[in-house]
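Novice: Structural data only, the sequence is not supplied:
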């Protein structure tokens, strides 16, 4: 893969992943949402690992992460604070909520979807030094698995979420290193893009993920939710996540619609702002307009409301993304 060159199927996979994350929040409480949770956030950590480079000097690497992750984290968090404070309740407590949310942004312990940027920032620092110490694929995979096990044990012990989501970095390290190892495997990449057995593999991977999703939806096992520090039945959850990731990667070789690629290329603003403040605003104002929320008993009404909600989220964030890209504040998007 050429340095600095965009990979179409990666943008496509990110686009499908972003759509899955938004839809899972739009459909909160519905079986579709619980299914999407089995793989959507792990997919983004996997793709981040695929795009990761550890061959730069520490100074250059650090500066790059400041520009691409840390600066957007604070820039995109700033508008959320007053918006969420205004939407959360009476104006009398506005400044108190602003203060609490500002502290939450600084400490960052699973606060809003923007938690992902803080977690990825620390994760990539950990990965940088890990890859300096462990270079061969098998020891690297085993080390990532051990780190994942440490993250799971920490979560199972009921210990508190660490600042900047450091605990989650360990739990998701297997996905990140999995993506990194795929990039360094020419045979696997060649098969992914042109292998004759891909349709069979897609069917098997989809079946594997749906089997895990079935047990989660039916309450037979707990699902994976990194945001809540939950890993369910770990081996089963990781199996489902990797199956889902593999299925999305294969589907992204075939279904490469331009809107999906656009969503993938510009996923940052959609990831950070779709739930807070956009979905929050929808939940505040839709009922005032007489639009019912969470009406899962009437499938037609649910389909109409959720379709409207999804379309509105995509429209609003696409307009905001284009405005930022065309302004002097494009640096807020890591550009």
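Specialist: Okay, I see it. Keep in mind it's a predicted model, so treat the numbers as computed, not measured.
Novice: Going by C-alpha atoms from here, please, whenever you check contacts or count neighbours.
Specialist: Will do.
Novice: what kind of secondary structure is residue 232 in?
Specialist: coil (DSSP: H, G, I helix; E, B strand; the rest coil).
Novice: Could you pull up the residues touching it?
Specialist: 221-224 (Cα atoms under 8 Å, 6 or more residues apart in numbering).
Novice: what's the nearest residue to it if we skip its chain neighbours?
Specialist: residue 222 (4.3 Å; Cα to Cα, 6 or more residues apart in numbering).
Novice: part of a helix, is the one you found?
Specialist: No - applying three-state DSSP, one finds residue 222 to be coil, outside a helix.
Novice: outside of the helix or strand encompassing residue 130, which residues touch it?
Specialist: Counting by DSSP states H and E, the element that carries residue 130 is helix 115-133. For helix 115-133, the external contacting residues (Cα under 8 Å, 6+ apart) are 45, 52, 54, 65, 69-70, 73, 108-109, 140, 164-166, 168-170, 173.
Novice: before we move on, the earlier item: need the contact list for the residue nearest to residue 232.
Specialist: Taking Cα under 8 Å, 6+ apart as the test, what residue 222 contacts is 216, 231-233.
Novice: can I get these in TSV with distance to residue 298?
Specialist: Shown next, in TSV, are the contacts of residue 222 (distance: Cα to Cα, whole Å):
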residue	distance to residue 298
216	23
231	32
232	31
233	33
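Novice: Model confidence score at the closest residue to residue 226 other than its chain neighbours, please.
Specialist: With sequence-adjacent residues excluded and distances taken as Cα to Cα, 6+ apart, residue 226 is closest to residue 168, at 6.7 Å. pLDDT, residue 168: 93.
Novice: Quick one: the helices in the stretch 201-335 of the chain, in order.
Specialist: Counting by DSSP state H, counting those that start in this stretch, the stretch 201-335 of the chain has helices at residues 234-254, 258-265, 267-273, 280-285, 299-325.
Novice: Lowest average pLDDT across the ones you listed?
Specialist: helix 280-285 (a mean of 82).
Novice: Next SSE downstream of the helix or strand where residue 22 lies?
Specialist: Using DSSP H and E, residue 22 sits within helix 8-26. Using DSSP H and E, the helix or strand that directly follows helix 8-26 along the chain is helix 31-36.
Novice: Can you tell me which helices and strands that next one packs against?
Specialist: Other helices and strands packing on helix 31-36, by 3 or more Cα pairs under 8 Å, 6 or more residues apart in numbering; DSSP states H and E, are helix 8-26, helix 198-217.
Novice: okay, the nearest residue to residue 32 once chain neighbours are set aside: pLDDT?
Specialist: Spatially, and ignoring its direct neighbours in sequence, residue 32 is nearest to residue 24 (7.0 Å; Cα to Cα, 6+ apart). On pLDDT, residue 24 comes in at 94.
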